[in-house]
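S.K.: Got a predicted model here, sequence first, then my questions.
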Amino acid sequence: MRGLSQRRLGEAVGLTKKAGSTRISRYEQGGSFATVPTLEALAAALDVPAAALLADTADLAEGILLLGSHADISRLVQALRALAKDDALLDKVLGQSVD
């Protein structure tokens, strides 16, 4: 996300050069988990919501980023709620059948 190397990202959150890339790699691979303060620092360094870093899939992360960048979030949430309740409308918007 954002074009930072693991080492530079590690440095941005206060890790040493030596530990930075190793620790970030472990976070990315799921071999280690960041503390809440570290997660917040990573999100700030990447300029993304912390929730995007916790997303299970790339699509979910992208959705979180899109929601976070929308100027009128409450209207967007209302629209998503309406879509979730109306399969025909969701089919029309997505151009496919909802199972």
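M.R.: Cool, the structure landed.
S.K.: Now do the same contact list for the residue nearest to the spatial centre of the chain.
M.R.: Nearest residue to the geometric centre of the chain (C-alpha atoms, centre = their mean): Ala52, 1.4 Å. Counting by C-beta atoms under 8 Å, 6 or more residues apart in numbering, Ala52 touches Met1, Ala43, Ala61, Ile64, Leu65, Gly68. For glycine as for every other residue, the C-beta is placed from the backbone atoms N, C-alpha and C.
S.K.: my guess is the last one meets Ala50, correct?
M.R.: No - in this structure, Gly68 is not within contact of Ala50 by C-beta atoms under 8 Å, at 10.4 Å.
S.K.: Could you check which of the two is surrounded by more residues?
M.R.: Ala50 (16 against 12; other C-beta atoms under 10 Å).
S.K.: my guess is that one contacts Pro37, does it?
M.R.: No - applying C-beta under 8 Å, one finds Ala50 not in contact with Pro37, separated by 10.7 Å.
S.K.: can you pull out the helices in this structure?
M.R.: 6-12, 17-29, 36-46, 50-54, 58-69, 73-85, 87-94 (DSSP state H).
S.K.: Buried among the contacts of Ala52? Make that a PyMOL selection.
M.R.: To isolate the buried ones among those in PyMOL, judged by 16 or more other C-beta atoms under 10 Å, type:
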select buried, resi 43+61+64+65
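S.K.: For the contacts of Ala52, work out which two are farthest apart.
M.R.: Met1 and Gly68 (12.8 Å; C-beta to C-beta).
S.K.: Overlap of the contact sets of these two?
M.R.: Common neighbours of Met1 and Gly68 (C-beta under 8 Å, 6+ apart) are Val48, Ala52.
S.K.: what's the domain layout of the protein?
M.R.: 1-54, 55-99 (automatic domain parsing).
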